[in-house]
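Undergrad: just coords:
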């Protein structure tokens, strides 16, 4: 059959949501210049990561995101059966990620955040406002998965040590770093005409100003966290990433965090969540159609 005679494929809701989740991860990875994070310039504060690996990792998670959305459609309501199905799929997705990356943790936190949001979006694709999706995700996160491994992750250990809010608590509260900080900043920067890449950088910085990023705490303790939060606020106060003064501040923050070996991976995961919610909020991305 000639290629021009092929009919375009109509994607299912689960396939569209999985596409959007992977796109959000790839867009987050590509965004540059991010302070101390992997981007198009280099590896940031990481010795075991690079941009190609981040792309491969994101693509490896597509089946897991699709399966979570399919599970939401099959169960049709928030409850323990769906929570435990999503947990099982998430652990399978994490293993697929580790198989792809040779054991490097590239997106463990993102699997949790985006997995919940994909599931929440699939439960009611007609209700895609950020507040609605985040509340459904929070209700799901509040349920206890009886089959989840009990050993504490690095992030959970650090959250416990410093009394910080970890990824689990962030989700259970409905992702306030996304809905109250990142999304409003993204919209403000767009409205000011700063350009999409600058708007996304500003959204990341807005997350960093307040988040108790357990990745930073694990690597650099409270000094690293204070450096991240104050430095991010300084960039925004100077006019954001689109201004010359803001770019200078951003470069300073990048160098400071690299010197501390502090990479704001938790903020990066939440930026991906922000980009995902931003795409589905209008509902246009979930409408039936050919791709």
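TA: Done, it's in. All of these numbers come straight from a predicted model, not from anything done at the bench. Numbers count the residues shown, from 1 in each chain.
Undergrad: could you show me where the helices are in this structure, in order?
TA: Taking DSSP state H as the criterion, the chain contains helices spanning 13-30, 51-60, 62-75, 80-101, 108-123, 130-141, 154-162, 167-172, 176, 183-191, 196-208, 214-237, 244-259, 265-281.
Undergrad: on contacts alone, who are the packing partners of the third one?
TA: Secondary structure elements in contact with helix 62-75, counted by 3 or more Cβ pairs under 8 Å, 6 or more residues apart in numbering; DSSP states H and E, are helix 13-30, helix 80-101, helix 108-123. Where you see a C-beta, it was placed from the backbone N, CA and C, and this is true even at glycine.
Undergrad: Considering the helices of the chain, which stretch scores lowest in mean pLDDT?
TA: Lowest mean pLDDT within the helices of the chain: helix 154-162, at a mean of 73.
Undergrad: now the angle from that one to helix 214-237?
TA: 80 degrees (axes from the mean of the first three to the mean of the last three Cα atoms, to 10 degrees).
Undergrad: Could I get the buried residue list for helix 154-162?
TA: 155, 158, 159, 162 (16 or more other Cβ atoms under 10 Å).
Undergrad: packing partners for that helix?
TA: The contact analysis (3+ Cβ pairs under 8 Å, 6+ apart) places helix 154-162 against helix 167-172, helix 214-237.
Undergrad: next one: the last one to chain centre, how far?
TA: It refers to helix 214-237. Centre-to-centre, helix 214-237 and its host chain are 18 Å apart (Cα atoms, centre = their mean, to the nearest Å).
Undergrad: for the first one, same thing?
TA: For helix 167-172, the separation from the chain centroid amounts to 13 Å (computed by Cα atoms, centre = their mean).
Undergrad: Please list the residues outside it that contact it.
TA: Contacting residues not belonging to helix 167-172 are listed as 109, 112-113, 116, 137-138, 141-142, 155-156, 159, 176-177, 214, 266, 269-270 [Cβ atoms under 8 Å, 6 or more residues apart in numbering].
Undergrad: Show me which of those residues are buried.
TA: 109, 112-113, 116, 137-138, 141, 155, 159, 176-177, 214, 266, 269-270.
Undergrad: which residues does residue 122 contact?
TA: Contacts of residue 122 (Cβ under 8 Å, 6+ apart): 13, 14, 17, 68, 69, 70, 72, 73.
Undergrad: between those residues, which is nearest residue 184?
TA: Taking Cβ to Cβ as the measure, residue 184 lies nearest residue 17 of the contacts of residue 122, at 23.7 Å.
Undergrad: That closest one: neighbour count?
TA: Residue 17 has 29 neighbouring residues, counting by other Cβ atoms under 10 Å.
Undergrad: Could you measure from it over to residue 109?
TA: 19 Å (Cβ to Cβ, to the nearest Å).
Undergrad: Could you do residue 28 as well?
TA: 12 Å.
Undergrad: likewise residue 73?
TA: Taking Cβ to Cβ, one finds residue 73 at 25 Å from residue 109.
Undergrad: just residue 139 next, same as before
TA: Noted for residue 139: a distance of 20 Å to residue 109, by Cβ to Cβ.
Undergrad: Please report how far residue 132 lies from residue 197.
TA: 28 Å.
Undergrad: got it, and residue 83?
TA: Distance of residue 83 to residue 197, computed by Cβ to Cβ: 36 Å.
Undergrad: More neighbours: the two, which one.
TA: Neighbour count, other Cβ under 10 Å: between residue 83 and residue 197, residue 83 has more, with 23 against 16.
Undergrad: what's the closest non-adjacent residue to that one?
TA: Using Cβ to Cβ, 6 or more residues apart in numbering and skipping the chain neighbours, the partner closest in space to residue 83 is residue 143 (4.0 Å).
Undergrad: That neighbour contacts residue 85, correct?
TA: No. Using Cβ atoms under 8 Å, residue 143 is not in contact with residue 85; the gap is 11.3 Å.
Undergrad: Residue 242: what's it in contact with?
TA: Counted by Cβ under 8 Å, 6+ apart, residue 242 has contacts 189, 194, 195, 198, 202.
Undergrad: for residue 234, same thing?
TA: 249, 253.
Undergrad: Can you tell me how far it is from residue 81?
TA: From residue 234 to residue 81 the distance is 47 Å (Cβ to Cβ).
Undergrad: now do residue 260
TA: 44 Å.
Undergrad: can you count the residues close to residue 129?
TA: Neighbours of residue 129 using other Cβ under 10 Å come to 14.
Undergrad: And for the residue lying closest to it once chain neighbours are set aside, the neighbour number?
TA: Excluding the flanking residues, the one nearest residue 129 by Cβ to Cβ, 6+ apart is residue 281, at 6.1 Å. Close neighbours of residue 281, defined as other Cβ under 10 Å, add up to 17.
Undergrad: Thank you, goodbye.
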